[in-house]
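**Q** Everything below, folded, please.
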Amino acid sequence: MRETLEEEALHKIRKGELSVRKASATFAIPKTTLLDKVSGRCSDYAKSGPPGVLSDDEERLLVEWLINMSKIWYGQTRQQLSMVVKKF
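**A** Numbering: from 1, shown residues only. Got it, this is the predicted structure:
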């Protein structure tokens with residue numbers, strides 16, 4: 001299975017299994033998003049918005065840490081999380 005619904009939709013469109021309109025309805029993804037990616041107007045992996053503060057690896061480590069902390073019933077507040085991010 002594909003990593004995301006969007007990737008699955010793009011895969012099926014490119015293989016000719018679904019039209020853009022049908023994939024849009026099936027996967028609840030805007031038709032223009034699929035059209036832009038199929039036509040090459042934007043990359044399949046383009047991210048919108050400002051760049052993140054953390055790298056992908058740092059973000060993955062932070063998520064793992066938060067999950068582990070929650071497993072031992074030591075949840076973090078927004079302020080605590082903000083302080084941890086500043087230390088990266």
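**Q** For the longest helix seen in the chain, give me every contacting residue.
**A** Counting residues, the longest helix in the chain under DSSP state H turns out to be helix 56-71. By CB atoms under 8 Å, 6 or more residues apart in numbering, the residues outside helix 56-71 that reach it are 52, 54, 75-76, 81, 84-85, 88. Using the backbone N, CA and C atoms, a C-beta is placed for each residue, glycine as well.
**Q** Could you report the neighbour count for residue 25?
**A** 12 (other CB atoms under 10 Å).
**Q** and the contacts of helix 56-71, which of them are in strands?
**A** Nothing among the contacts of helix 56-71 maps onto strands, per DSSP state E.
**Q** Redo those residues as a markdown table? Include neighbour count and pLDDT.
**A** Putting these into a markdown table (neighbours: other CB atoms under 10 Å; pLDDT from 0 to 100) gives the following:
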| residue | neighbour count | pLDDT |
| --- | --- | --- |
| 52 | 10 | 82 |
| 54 | 13 | 87 |
| 75 | 10 | 86 |
| 76 | 14 | 88 |
| 81 | 15 | 90 |
| 84 | 14 | 86 |
| 85 | 13 | 87 |
| 88 | 11 | 73 |
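**Q** Any buried residues in the helix or strand containing residue 21, and which?
**A** Assigned by DSSP states H and E, residue 21 belongs to helix 20-27. Using 16 or more other CB atoms under 10 Å as the test for burial, helix 20-27 gives 20, 23-24, 27.
**Q** which is the next helix or strand following it?
**A** Downstream of helix 20-27, the first helix or strand assigned by DSSP H and E is helix 31-39.
**Q** List the contacts of that next one.
**A** 6, 9-10, 13-14, 20-21, 23-24, 41-44.
**Q** Cheers, nothing more for now.
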